[in-house]
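S.K.: just coords:
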């Protein structure tokens, strides 16, 4: 074979290869990966952001302070008259020592050597993993500040009251047994109908040690039975449990009750066939509502605790499955909120500076305030030079952003109404963030502070495998100096 023939054959092979198509499916394309990774998760921490954080210089094992709750004058407390030339008797004090142990919150993560090397040029995964750890710790801190529970045990609810009535329901005819379990704020967040009520969870830490957390659920009630004929709806109501923001309902034949509903009021209605495969009531064997040694009390628990004399109003049971709604005053306000404001003023001469609500309650408060009856009391202001459609431009779907409190020595003020992402429906919490000036002579301007023994810090653990192990922790406690600055409305029906 001569050179000319070889060259011709080579050229032919090249032409043949070029005649074949190269497509995107061949895979000979660039890979356009945007860096860094996009963090598409919400980090909403209004309480953590607003509560003052105070680092203690010599913290020890707990924060301690003394509270003078009462100064009582001699004689008649409301009279200061003294005869000429004479001396009055001595006044008296009521003082209490408060102790709040420091507790630890934290999260951990790991990064393998291979992942660290493979991520070069994309993102610094050591740094971004730390950022996500910090963000998750802050989110857990937010829920702790709102509803951590160390002191308030729910016990067991009383037996529910049952009835059956109506027509048109598809619940099969049978004799049904109902058991109820009360849930704290943490229990409500940890529990779902499909996943079951949270009882306890044992965590194995990265050091190999284990510890157990209680999920926030009460013990179960005794059962009550009710015969239901086809077409009737089964109604159940439970006695109110102080400290509960929700109730879990187990329904079935006696001895075979399973979880069928979780409600934010103390009643429920069943009109359709029960779901199968749900958590059995037999799983609930004790009161798992608090973590006495691992947690500190959040604002809700401080308010619910009867020892703190905070304002708490649970709306009445009302119609089973519906509950009791907030009441429109007819003058652009809500009766229950007005009653809370006036009681906090009459009892302690203070007012909330913020109202935190669930999105459901923001809608309900707006519907109660903006009615035909309150229409003549509403004022709508538009700037003459507004560019939103002229002087008659109106935005639809407005909400009540401020609630006016007239009960104050300076003529009253507006209280912001804020949606809290974690607050359960059916509950409103009012917080006086700063005591009024007539309280501040005792050096307590803040109602509550986050006292930190050691604020957010990262720990890099010694290498023991080809992965980096690290954690983000904080050592702190929520110190609520004036628990009467907390007000709670709960068991609010949706309507």
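M.R.: Cool, the structure landed. Only a predicted model underlies this, so the values are computations on that prediction, with no experimental measurement involved. Numbering: from 1, shown residues only.
S.K.: what about stretch 162-174, distance to the chain center?
M.R.: Put simply, stretch 162-174 sits 35 Å off its chain's centre (C-alpha atoms, centre = their mean, to the nearest Å).
S.K.: err, stretch 194-211, not the other one
M.R.: The chain centroid and the centroid of stretch 194-211 are separated by 21 Å under C-alpha atoms, centre = their mean.
S.K.: residues contacting it, please?
M.R.: The set of residues external to stretch 194-211 that reach it, using C-beta atoms under 8 Å, 6 or more residues apart in numbering, is 108, 110, 181, 183, 186-187, 190-191, 212-217, 248, 259, 262, 278-279, 283-286, 288, 294, 461, 469, 471. Just so you know, the C-beta spots here come from the backbone N, C-alpha and C atoms, and that holds for glycine as well.
S.K.: so which of the residues you listed belong to strands?
M.R.: 108, 110, 181, 183, 212-214, 217, 248, 259, 262, 469, 471 (DSSP state E).
S.K.: report the buried members of those.
M.R.: Buried positions within these, assessed by neighbour count (16 or more other C-beta atoms under 10 Å), are 108, 181, 183, 213-214, 217, 248, 259, 262, 469, 471.
S.K.: okay, the residues you listed in TSV with pLDDT and distance to residue 240 next?
M.R.: Converted to TSV, these look like this (pLDDT from 0 to 100; distance: C-beta to C-beta, whole Å):
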residue	pLDDT	distance to residue 240
108	95	40
181	98	14
183	98	13
213	97	26
214	97	22
217	98	16
248	98	15
259	98	21
262	98	16
469	94	46
471	95	40
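S.K.: so which of those is the closest to residue 451?
M.R.: The shortest gap between residue 451 and any of these belongs to residue 471, at 21.5 Å (C-beta to C-beta).
S.K.: that closest one contacts residue 104, doesn't it?
M.R.: No. Here residue 471 does not reach residue 104: they are 10.5 Å apart, not a contact under C-beta atoms under 8 Å.
S.K.: and what about the residue nearest to residue 170 when sequence neighbours are not counted, helix, strand or coil?
M.R.: Distances taken as C-beta to C-beta, 6 or more residues apart in numbering place residue 272 nearest to residue 170, at 5.4 Å, with adjacent residues excluded. Three-state assignment for residue 272 (DSSP: H, G, I helix; E, B strand; the rest coil): coil.
S.K.: wait, residue 272 touches residue 169, no?
M.R.: Yes. Under the criterion of C-beta under 8 Å, residue 272 lies in contact with residue 169, with a separation of 7.3 Å.
S.K.: do you know how far residue 145 is from residue 299?
M.R.: Counting by C-beta to C-beta, to the nearest Å, the gap between residue 145 and residue 299 amounts to 7 Å.
S.K.: then residue 244?
M.R.: 16 Å.
S.K.: tell me the contacts of residue 45?
M.R.: By C-beta under 8 Å, 6+ apart, the contact set of residue 45 is 138-139, 141-142.
S.K.: quick check, pLDDT for it.
M.R.: According to the prediction, residue 45 has pLDDT 94.
S.K.: let me have the ones in strands among the contacts of stretch 194-211 in CSV, extended by distance to residue 421.
M.R.: Output for the ones in strands among the contacts of stretch 194-211, formatted as CSV (distance: C-beta to C-beta, whole Å):
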residue, distance to residue 421
108, 24
110, 29
181, 25
183, 18
212, 28
213, 22
214, 23
217, 22
248, 22
259, 25
262, 18
469, 31
471, 25
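S.K.: quick check: pLDDT value at the residue nearest to residue 493 when sequence neighbours are not counted.
M.R.: Distance criterion C-beta to C-beta, 6+ apart; nearest residue to residue 493, sequence neighbours excluded, is residue 323 at 2.9 Å. Residue 323 carries a pLDDT value of 96.
S.K.: and residue 323, how far from residue 332?
M.R.: 24 Å.
S.K.: so which of these two has more stuff around it?
M.R.: Comparing residue 323 with residue 332 by neighbour count (other C-beta atoms under 10 Å), the higher total belongs to residue 323, at 23 against 19.
S.K.: and the closest residue to residue 50 other than its chain neighbours, how many neighbours?
M.R.: With C-beta to C-beta, 6+ apart as the measure, residue 433 is the residue that lies nearest to residue 50, at 6.9 Å, once sequence neighbours are left out. Using other C-beta under 10 Å, the number of residues around residue 433 comes to 15.
S.K.: which residues touch residue 433?
M.R.: Counting by C-beta under 8 Å, 6+ apart, the residues that residue 433 touches are 50-51, 353-354, 446-448, 485.
S.K.: tell me which of those fall in strands.
M.R.: Secondary structure from DSSP E places 354, 448 of these in strands.
S.K.: can I get the contacts of residue 433 in TSV with pLDDT and neighbour count?
M.R.: Formatted as TSV, the entries for the contacts of residue 433 read as follows, by pLDDT from 0 to 100; neighbours: other C-beta atoms under 10 Å:
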residue	pLDDT	neighbour count
50	94	14
51	93	20
353	94	20
354	96	18
446	86	18
447	89	26
448	93	25
485	94	29
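S.K.: export the contacts of residue 433 to a markdown table and tack on distance to residue 401?
M.R.: A markdown table is the format used below for those (distance: C-beta to C-beta, whole Å):
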| residue | distance to residue 401 |
| --- | --- |
| 50 | 17 |
| 51 | 22 |
| 353 | 14 |
| 354 | 12 |
| 446 | 24 |
| 447 | 22 |
| 448 | 23 |
| 485 | 22 |
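S.K.: what's the closest of the contacts of residue 433 to residue 64?
M.R.: Nearest to residue 64, judged by C-beta to C-beta, of the contacts of residue 433 is residue 448 at 15.9 Å.
S.K.: pretty sure the closest one sits against residue 477.
M.R.: No. The pair residue 448 and residue 477 does not pass the contact test of C-beta under 8 Å, sitting 10.6 Å apart.
S.K.: which residues sit in contact with residue 142?
M.R.: For residue 142, the residues meeting the contact criterion (C-beta under 8 Å, 6+ apart) are 44-48, 422.
S.K.: which one of those sits closest to residue 404?
M.R.: Taking C-beta to C-beta as the measure, residue 46 is the one of the contacts of residue 142 closest to residue 404, at 21.5 Å.
S.K.: what about the closest one, distance to residue 53?
M.R.: For residue 46, the distance to residue 53 equals 14 Å [C-beta to C-beta].
S.K.: got the contact list for the residue nearest to residue 170?
M.R.: Contacts for residue 272 (C-beta under 8 Å, 6+ apart) come out as 169-171.
S.K.: now, these that are in helices?
M.R.: Cross-referencing the contacts of residue 272 with the helices (criterion: DSSP state H) gives no overlap at all.
S.K.: Serialize those to TSV and add fields for neighbour count.
M.R.: Formatted as TSV, the entries for these read as follows, by neighbours: other C-beta atoms under 10 Å:
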residue	neighbour count
169	20
170	10
171	21
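S.K.: returning to what we had before: between residue 145 and residue 299, which contacts overlap?
M.R.: In the contact map built from C-beta under 8 Å, 6+ apart, the residues linked to both residue 145 and residue 299 are 47, 478.
S.K.: hang on, the earlier thing: and residue 46 and residue 53? Which one has more around it.
M.R.: Neighbour comparison, residue 46 and residue 53: the larger count goes to residue 46, with 17 against 14 (by other C-beta under 10 Å).
S.K.: does that one touch residue 416 like I think?
M.R.: No. The pair formed by residue 46 and residue 416 falls short of the contact definition of C-beta under 8 Å, at 10.7 Å.
S.K.: let me see the contact set for the residue nearest to residue 143 when sequence neighbours are not counted.
M.R.: Excluding the flanking residues, the one nearest residue 143 by C-beta to C-beta, 6+ apart is residue 422, at 5.5 Å. If you count contacts by C-beta under 8 Å, 6+ apart, residue 422 has them with 142-143, 146-147, 185, 189.
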